[in-house]
Structures are given as C-alpha cells and as structure tokens.
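# dropping a prediction and its sequence here:
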Amino acid sequence: MKSEYINPFLKGTVNVISMMAMLTPIAGKPYLKKDKAAIGDISGVIGMTGHKRGSVVLSFSSAAICKIVGSMLGTEYTEMNDDVKDAVGELTNMISGDARRQLAEAGIMFEAGIPNIVTGPNHEIESITKGPVVAIPFTVEGHAFVVEASFDS
C-alpha cells in the first residue's frame, strides 16, 4: 500500500490526540497485519468510499483509552463505560476526518460512514477490503493502541 494513503492516518492520529487530549502519541514502525485479531480491548471501525473502498480501525487497550479520554474530559477513568465508548467513536471520526482532509489536499477524495464500536478482549475485526491491512502501533504514556488502514488494491 502506498505511503500516501498511510501517512495521513499517522499524522491525523498525532494531530487529533495531541489537540483533544493534550497527550503526545508515539508512533512505532508500521507493519502488515496478518490476522483478524484486534490489538486492543475496544475498537472503532469506519468504512470509506470514494477514490477506493477502504476502512480504518482504531484499537485501544483499556489503559490507553482510559488515559486518553480522561485527559480529554478532565476526569479519571479506570474502566470502560459509555463515555469511553462514545469517545472511541468520536476519536475514530475525527482521526478519519483529519486523514481524509489531508488526502483531499492531494486530490484523493473519500467519504466516510458512521463509526461502529466493538468491545471485549480478543475481539476480531474482519476487513471489508481485499487489500493489505497496514497497522501503525502507537503508545501514549506507555499504553498501547493501533491504527489500521486497508484499501482495495
């Protein structure tokens, strides 16, 4: 998959979390995902259409999303609740939107659907595309999450 499709999601993730939660996510090395297993305990999934068909998944460990949402809302969260689940949907929407804005500036147009939230340990996410799934691992204050992007070839 071309880096022109992946870099906007990396930058969008850093932009949104830095601005909304005042935390600095640290990106690791992107890799091709080989299975359907979600990395985290809660995932936001959003489908995209337009230039190509694609999907984006944000998958957070409980500790990472509680830290991010707590910082966003100015309160401490120690477990996932409805506020945290809602925030995952909003973060998925905002990161996808920032990435789509960057892609549009390069002449690559996408529309996005409404995010779906999947929770629970060991959940799986089936890609809707036939292309490879590229995962970008992140940490925020030592807690892991990943952003996955996949587009039809």
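The structure has been received and is ready for your questions. Numbers count the residues shown, from 1 in each chain.
# so what touches stretch 82-98?
Around stretch 82-98, the neighbours that count as contacts under CB atoms under 8 Å, 6 or more residues apart in numbering are 8-9, 11-13, 15-17, 20, 42-46, 48, 56, 58, 60, 65-66, 68-69, 72-73, 77, 112, 115, 117, 119, 147. C-beta: built from backbone N, CA, C; applies to glycine.
# now it: buried residues?
Within stretch 82-98, the residues that count as buried by 16 or more other CB atoms under 10 Å are V84, A87, V88, G89, L91, T92, N93, M94, I95, S96, D98.
# what strand or helix carries the residue positioned nearest the centre of the chain?
Geometric centre of the chain, nearest residue: L58, 2.6 Å, by CA atoms, centre = their mean. In the assignment (DSSP states H and E), L58 maps to strand 54-60.
# return the distance of that strand from the chain's centre.
Counting by CA atoms, centre = their mean, to the nearest Å, strand 54-60 is centred 4 Å from the centre of its parent chain.
# export it to CSV, keeping only CA atoms.
Extracted in CSV, the C-alpha atoms of strand 54-60 (Å, rounded to 0.1, in the frame of the first residue of the first chain):
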residue,chain,number,x,y,z
GLY,A,54,-11.4,1.3,2.5
SER,A,55,-11.6,1.0,6.2
VAL,A,56,-9.9,2.4,9.3
VAL,A,57,-9.8,0.8,12.7
LEU,A,58,-8.5,2.4,15.9
SER,A,59,-8.0,-0.3,18.5
PHE,A,60,-7.1,0.7,22.1
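# any idea of the mean pLDDT in that strand?
In this model, strand 54-60 carries a mean pLDDT of 95.
# helices or strands next to the helix or strand that comes right after that strand in the packing?
Scanning forward in sequence from strand 54-60 by DSSP H and E, the next helix or strand is helix 62-73. On a contact count with 3 or more CB pairs under 8 Å, 6 or more residues apart in numbering; DSSP states H and E, helix 62-73 meets helix 3-21, helix 82-105, strand 133-140, strand 143-151.
# so what touches helix 62-73?
Contacts of helix 62-73 (CB under 8 Å, 6+ apart): 17, 20-23, 40-42, 60, 76-80, 83-84, 87-88, 91, 139-141, 143-145.
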